[in-house]
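S.K.: Show me how the following folds:
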Amino acid sequence: MNPVEIKDLPGLVGQEVGVSDWLEISQERVNQFAEATGDHQWIHVDVERATKEIGGPIAHGYLTLSLIPFLSQGLLPIKGVTRGINYGSDKVRFTNMVRVGSRVRLRQKLIGAEPKSGGMQLKNECTIEIEGQERPACVAETISVVYG
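M.R.: The predicted structure is shown next:
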């Protein structure tokens, strides 16, 4: 998508703004997330047990959610933005497991844009898809504010 002016964002509401490249979910990434959050549940980090009991380790749901800022980079370029902040999330759902070794990508749709606190509040429907799977891993409405 071509860069847009902040004032033009409300006109994009209802449109898909982009789809990211695929990203492989490695065991190393899962282990690093476990270290950062203290969530060392065996389904994520014990490869041998997870393989035996559930067919292999799976990524943390919150790891999947946390990839949204990274995967969304460049999907909706906005001219003149001096800063942006994460404001929150609505309706976060983890609808499918992300197995280690699988690839995910973000499909993003702008569902709201309105002035707020001297900036523009954006609400996006973010769908994390899993390659080869019909059901997505995560669907979340994210809220951010951008300033020019």
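
S.K.: Show me where this structure has its helices.
M.R.: Taking DSSP state H to define them, one finds helices in the chain at 27-37, 42-45, 47-54, 61-66, 68-72.

S.K.: okay, those helices in JSON lines with mean neighbour count next?
M.R.: Glycine gets a C-beta too; all of them are placed from N, C-alpha and C. Below are the helices of the chain laid out as JSON lines (neighbours: other Cβ atoms under 10 Å):
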{"stretch": "helix 27-37", "mean neighbour count": "14"}
{"stretch": "helix 42-45", "mean neighbour count": "17"}
{"stretch": "helix 47-54", "mean neighbour count": "13"}
{"stretch": "helix 61-66", "mean neighbour count": "18"}
{"stretch": "helix 68-72", "mean neighbour count": "17"}
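
S.K.: Now the ones you listed in a markdown table, please, with extra columns for distance to residue 130 and mean pLDDT.
M.R.: Compiled in a markdown table, the helices of the chain are given as follows (distance: least, Cβ to Cβ, whole Å; pLDDT from 0 to 100):
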| stretch | distance to residue 130 | mean pLDDT |
| --- | --- | --- |
| helix 27-37 | 15 | 98 |
| helix 42-45 | 16 | 98 |
| helix 47-54 | 16 | 97 |
| helix 61-66 | 9 | 97 |
| helix 68-72 | 13 | 96 |
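
S.K.: I'd like to know how many residues surround residue 122.
M.R.: Residue 122 sits with 26 neighbouring residues when counted by other Cβ atoms under 10 Å.
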